[in-house]
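Visitor: task: produce atomic coordinates for the following.
(2 chains, ligands or ions: 1)
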Amino acid sequence: MTTPGEFYQRDRDRHPPALTPDYKTSVTRSPQYALLSLEQSASEITGPTFGHGDIDPIDNDMIHNYAQPGESAIGERIIVHGRVLDENGRPVPNTLVEAWQANAGGRYRHKKDTYLAPIDPNFGGCGRMLTDEDGYYFFRTVKPGAYPWRNWVNNWRPAHIHLSIFGTSFSQRLITQCYFEGDPLIPKCPILNTVPDQAARGQLIAALDMNATIPLDSMAYKFDIVLRGRRSTLFENRLEGN
Amino acid sequence: MVQKLDYLKETPSQTAGPYVHIGLAPGAAGFDIYKQELGWDIAGPNAKGERIRVEGIVIDGTGSPIKDVLLEAWQANSAGVYAHPEHAGQVEDGFRGWGRVITDFGTGEWGFDTVKPGAVMGRNGRMMAPHINLWVVARGMNIGLNTRIYFDDEADANATDPVIDLIEWDRRRQTLIAKRNELDGKVVYRFDIRIQGEDETVFFDI
Ligand SMILES: [Fe+3]
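Guide: Next comes the predicted model:
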């Protein structure tokens, strides 16, 4: 009999370090002391749970969830779908996935965004959903546009969607960004390049998925998300003993 | 050749960016879209225990407040029970123990209302002093930072807390201890977070 235990140590080589000078804002927002390694207790192994009462079915349709009746967001219609898995390859069911993005012109509906591209009156730019029992999620949106940002004099973000995922424990909490296959801005992006490992960067690029397109309606991209895996203790777990 | 281990690799973190509010707190971004935004009510109406407020700012390496931070709190109820199926015990109806707050765009101040958590059983049968787990994300932070809020009126429990005990330097231990004040009969703890520089907050690799 195996019992679930702690989550695997985070592989920090796959993640960006805190200090990445080419992404200038990180310079004053990165701790200088080493993180203190913590063996997991109940505080780390547990985490918030969400249910269908927390969200609405339309929340995962960003083409319509902010649109006037009969209207829809402007842009290239896409479906983003995939599975939330853990490092053991097991699905993570019933977990909350939240997404936000710029509109097709690269403009965010945010009081701090002053980019001159227009706001789309029928596009809010956020969505959320729960994974099903197989860890599967999907949402419908328009492909976000690239946008300029102040880092070097002339930096443009590749098209991307921000994603927030909970998992089953506070130690699995993750925010990341999903990019799109074939975007020529991808190799030039100082934010994507905060991830030092090339294979790890590739894990952030969604593949064009013709099988999941809706003919005469929407393109599709597949983006699987992997959260930290959990140890199964074959022998008595010594969390309580010593 | 050895056999290949078939573990998957965790998806890399990326910064939450300056517009995190759109996704996680759209009202703050300037628009109304969801029937309810999540994380505004941590304890619910039925939670037992002392009602408290926790407030602070997040300070960058120049000593200035960071005004586009999002924080998430995760805590046990006043009996030390997490609202999670694997944690033994019951929580009050409506107690979620999870909250989400953002800093004020003008001042950088954040704050949330909750109940003071109870002590929680830790590893090896050692009690952990009452604490709230925090996760901090913002533009310029490539991966979320984990820390804990402890309480300065729990000196005895803090003195034997197995996590505080891991911190070698007393000066650094102080960065995890919120200061209690009572204002108009309301209990407010102050917990400023220093991301970098003098008295940098202790952050954990959990
Ligand atoms: Fe963005």
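Visitor: in the helix or strand of chain A with the lowest mean pLDDT, what counts as buried?
Guide: The helix or strand of chain A with the lowest confidence, counting by mean pLDDT, DSSP states H and E, is strand A:3-7 at a mean of 83. Neighbour-count burial for strand A:3-7, counted by 16 or more other Cβ atoms under 10 Å in any protein chain shown, picks out A:6-7. For every residue, glycine as well, the C-beta is placed using N, CA and C.
Visitor: would you map the helices across chain B?
Guide: B:20-24, B:26-29, B:155-159, B:170-173 (DSSP state H).
Visitor: which positions in the last one come out as buried?
Guide: The reference is to helix B:170-173. For helix B:170-173, the neighbour count (16+ other Cβ under 10 Å) marks B:172-173 as buried.
Visitor: so what touches it?
Guide: A:33, B:164, B:167, B:199-200, B:202 (Cβ atoms under 8 Å, 6 or more residues apart in numbering or on different chains).
Visitor: show me where chain A has strands.
Guide: Assigned by DSSP state E, chain A shows strands spanning A:3-7, A:36-37, A:77-86, A:96-100, A:126-130, A:136-142, A:147-149, A:155-157, A:160-165, A:174-180, A:205-208, A:219-222, A:225-227, A:230-233.
Visitor: a markdown table for those strands, including distance to B:Asn181?
Guide: Listed next are those as a markdown table, based on distance: least, Cβ to Cβ, whole Å:
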| stretch | distance to B:Asn181 |
| --- | --- |
| strand A:3-7 | 36 |
| strand A:36-37 | 28 |
| strand A:77-86 | 42 |
| strand A:96-100 | 34 |
| strand A:126-130 | 36 |
| strand A:136-142 | 43 |
| strand A:147-149 | 40 |
| strand A:155-157 | 42 |
| strand A:160-165 | 33 |
| strand A:174-180 | 32 |
| strand A:205-208 | 48 |
| strand A:219-222 | 50 |
| strand A:225-227 | 39 |
| strand A:230-233 | 40 |
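Visitor: same list, the ones you listed, but as CSV with distance to chain B please.
Guide: Shown next, in CSV, are the strands of chain A (distance: least, Cβ to the nearest Cβ, whole Å):
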stretch, distance to chain B
strand A:3-7, 8
strand A:36-37, 5
strand A:77-86, 6
strand A:96-100, 3
strand A:126-130, 5
strand A:136-142, 12
strand A:147-149, 9
strand A:155-157, 9
strand A:160-165, 6
strand A:174-180, 4
strand A:205-208, 11
strand A:219-222, 13
strand A:225-227, 5
strand A:230-233, 11
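Visitor: nearest to B:Ile132, of the ones you listed?
Guide: Closest to B:Ile132 of these is strand A:36-37 (Cβ to Cβ; 17.0 Å).
Visitor: may I have the strands that pair with that closest one, each with its orientation?
Guide: When pairing is defined by DSSP bridges, strand A:36-37 lines up against strand B:204-205 (parallel).
Visitor: now do the partner strand, average pLDDT.
Guide: Averaged across strand B:204-205, the pLDDT comes to 98.
Visitor: returning to what we had before: what's the least confident helix or strand of chain A packed up against?
Guide: Applying 3 or more Cβ pairs under 8 Å, 6 or more residues apart in numbering or on different chains; DSSP states H and E, one finds that strand A:3-7 contacts helix A:42-45, strand A:230-233.
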